[in-house]
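*Asks:* here is my input; please provide its structure:
(2 chains)
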Amino acid sequence: MIDLTLVRENPDLYQTACRIKNIKLDIKKFLALDEERRTLMTDVQKMQTERNAVSKKVPTLKGVEKEATIKEMKALGEKLKKAEESLATIDRDWMSQQLQLPSIALKTVPIGKDDMENVELRKWGTLPSFAFDPKDHVTLGEMLDIIDIPRGVKIAGSRSYFLKGDGARLELAVLQFTIDSLVKKGFTLFTPPLMANYAAMMGTSYFPGGEEQAYAVGVDRTPEMGLSEKDAKQIESDKHYLIGTSEVSVASYHSGETFKAAELPKRYAGFSNCFRREAGTYGKDARGLYRIHQFQKVEQVILCEADPDVSAKLHAEILQNAEDILQALKLPYRIVAVCTGDMGRGQVYKNDIETWMPSRKGYGETHSCSTFYDFQARRLGIKYETATGEKKFVHTLNNTCIASPRILIPILEIYQNKDGTVTVPEVLRMYMGGQEKIEVPKGM
RNA sequence: GGUGGGAUGGCCGAGUUGGUCUAUGGCGCCCGACUUGAAAUCGGGUAAACCCCAUAAGGGUUUCGUGGGUUCGAAUCCCACUCCCACCGCCA
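*Replies:* Have a look, this model is predicted:
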């Protein structure tokens, strides 16, 4: 959400922001509506003022005068009701447009229309070379009996999978390693609600706009369940959404709260399953574990004071935390600056980390590091009180620290051996009982 | 799932025959007085969002769980919903 006085004062700036972020919103029209809304609001308030004043006088009046006043007020009441109704109509339109307003990207953000125009900033690591014909993670997973996609599809439909045996253990190992690393750095770990209400989805700026990517719980089940109207209504009001990232729950954790400046920054780590419908991606990344409906992620969430220097520093910090994990795993990666068209309404700056995936013969996105300034905080109502007593909205940031099974793609593919086994990355062995290799299970 | 109780300002809590309620009172917090300093005491002040206005001074509206209704007027009456607490039942 944007401070509207800024939009009123700088309409061109926001129109440009819409254009470069691919948001279809006519700022001039929005401001005209905003003007209309305020005019009407003033009218309504004037009528309310009169009603309040006269109503207060009524008990002191008697007889004819009282009758006349009440009659007069009745007429005013009808006029007021009509005005309030048209205000409510305008309000809805105004609100939905207001939620479209983008934040202003930093000057350093490359201008571009989609991920093709993201800019590589730097690379780390040496790309693997194989003295044999390397297999992709799907083949490796089948041969080692650690990934079972066909049975996942049988149970839950396309883009579903089972991790099995050492595959499941490897996932837990990499997650636990990441969690330990963040905890050592002073992060507070959360296992948050996996279901969130509309306010949390809206507050973190996934809604409106991202509804089709979220699984809704307790909605539209009336026909199949044969519910009574009353029960159906109850379920409708029960509506929750499966989170696509723990950012939704963890960033909303302090919604409506006000901190003392000294309590900031908050360094939070959310560990959760994540659910994504992946609507509109039919056929894209169809093979393997790259794009699936359910995964596990350790996410960093930061709340800090509203100072661009402070949030820039923390952005670098949480980016580095993710790089530390990849470096410990010895996985080559690159950092890109995400361009305006690929960065979303609320972010002012965003980096992706892309990890080398041999089967893709390229880097694939594994992390996403965003700075929002006060965009989310305004929607969530998270403030802090400065030393001078001023109340301001906090800045929020977040970054993936690890997401699995996507990270298993480079691990399996880079650590594979000629004989089809996979070496367990050194730092993960202690989480797998010291195991050094994943081999074909006995009896296969 | 059943029965009962409840939701009021940062916290506790009064107000429910609709109108001097401008939401009593207390606690906490802030400022001041007294004091060498502190405590105690005394005095004053203590919500948010939004609108008008010159980014002043000032004025106004809304908010007593949420939404709707009745009324000239609603914390107070009516309807629906949400959430919390207690006990019973069921349950990983």
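*Asks:* can you show me the strands along the stretch 201-350 of chain A?
*Replies:* Using DSSP state E, counting those that start in this stretch, the strands found in the stretch 201-350 of chain A span residues A:216-217, A:240-242, A:258-260, A:266-275, A:294-304, A:333-337, A:349-357.
*Asks:* same for the shortest one, what does it pack against?
*Replies:* In other words, strand A:216-217. Other elements packing on strand A:216-217 under the criterion 3 or more CB pairs under 8 Å, 6 or more residues apart in numbering; DSSP states H and E are strand A:240-242. All C-beta atoms are positioned from the backbone trio N, CA, C, and that covers glycine.
*Asks:* quick one: average confidence on the strand it packs on?
*Replies:* Averaging pLDDT along strand A:240-242 yields 85.
*Asks:* residues contacting it, please?
*Replies:* A:Leu194, A:Met195, A:Ala196, A:Asn197, A:Tyr198, A:Met201, A:Ala214, A:Tyr215, A:Ala216, A:Val217, A:Gly218, A:Phe275 (CB atoms under 8 Å, 6 or more residues apart in numbering).
*Asks:* which among these end up buried?
*Replies:* A:Leu194, A:Met195, A:Ala196, A:Met201, A:Ala214, A:Tyr215, A:Val217, A:Phe275 (16 or more other CB atoms under 10 Å).
*Asks:* just those residues now: which is nearest A:Ala269?
*Replies:* When the buried ones among the contacts of strand A:240-242 are ranked by distance to A:Ala269 (CB to CB), A:Leu194 comes first, at 15.8 Å.
*Asks:* quick one, phi psi at the closest one?
*Replies:* phi -90, psi -10 (degrees, to the nearest 10).
*Asks:* these two touch, right, it and A:Asn273?
*Replies:* Yes. Shown here, A:Leu194 and A:Asn273 form a contact pair, counting by CB atoms under 8 Å, at 5.9 Å.
*Asks:* end to end on stretch A:324-344, go ahead and measure it.
*Replies:* Start and end residues of stretch A:324-344 are separated by 26 Å (CA to CA, to the nearest Å).
*Asks:* what does chain A put close to RNA strand B?
*Replies:* A:4, A:38, A:41-42, A:44-46, A:48-49, A:51-56, A:58-59, A:70, A:73-74, A:77, A:230, A:233-234, A:237-238, A:391 (CB under 7 Å from any atom of the strand).
*Asks:* just the ones of these in strands?
*Replies:* Counting by DSSP state E, the residues of chain A next to RNA strand B place A:Lys391 in strands.
*Asks:* mind picking the lowest-pLDDT entry from the buried ones among the contacts of strand A:240-242?
*Replies:* A:Val217 (76).
*Asks:* if you skip the residues just before and after it, what's nearest to that residue?
*Replies:* A:His240 (4.6 Å; CB to CB, 6 or more residues apart in numbering).
*Asks:* could you do A:Ser359 as well?
*Replies:* Distance criterion CB to CB, 6+ apart; nearest residue to A:Ser359, sequence neighbours excluded, is A:Asp136 at 3.5 Å.
*Asks:* how about A:Lys57, what does it touch?
*Replies:* Contacts for A:Lys57 (CB under 8 Å, 6+ apart) come out as A:Thr69.
*Asks:* hey, which helix or strand in chain A has the poorest pLDDT?
*Replies:* helix A:222-225 (a mean of 42; mean pLDDT, DSSP states H and E).
*Asks:* hmm, A:Thr108 is touching A:Tyr349, no?
*Replies:* Yes. Judged on CB under 8 Å, A:Thr108 makes contact with A:Tyr349 at a distance of 7.0 Å.
*Asks:* who has more neighbours, these two?
*Replies:* A:Tyr349 (23 against 10; other CB atoms under 10 Å).
*Asks:* and for A:Leu172, the neighbour number?
*Replies:* Neighbours of A:Leu172 (other CB under 10 Å): 15.
*Asks:* would it be right to say that it lies in a helix?
*Replies:* Yes. The assignment for A:Leu172 by DSSP: H, G, I helix; E, B strand; the rest coil puts it in a helix.
*Asks:* isn't it right up against A:Tyr431?
*Replies:* Yes. With contacts counted by CB under 8 Å, A:Leu172 reaches A:Tyr431, the gap being 7.1 Å.
*Asks:* the one residue in the stretch 301-444 of chain A that gets nearest to RNA strand B pairs with what?
*Replies:* With CB to the nearest atom of the strand as the measure, A:Lys391 is the residue of the stretch 301-444 of chain A nearest to RNA strand B, at 6.1 Å. Counting by DSSP bridges, A:Lys391 is bridged to A:Glu385.
*Asks:* surely it and A:Gly381 touch.
*Replies:* No. Applying CB under 8 Å, one finds A:Lys391 not in contact with A:Gly381, separated by 10.9 Å.
*Asks:* who's more crowded, these two?
*Replies:* Taking neighbours as other CB under 10 Å, A:Lys391 and A:Gly381 compare with A:Gly381 leading, 16 against 10.
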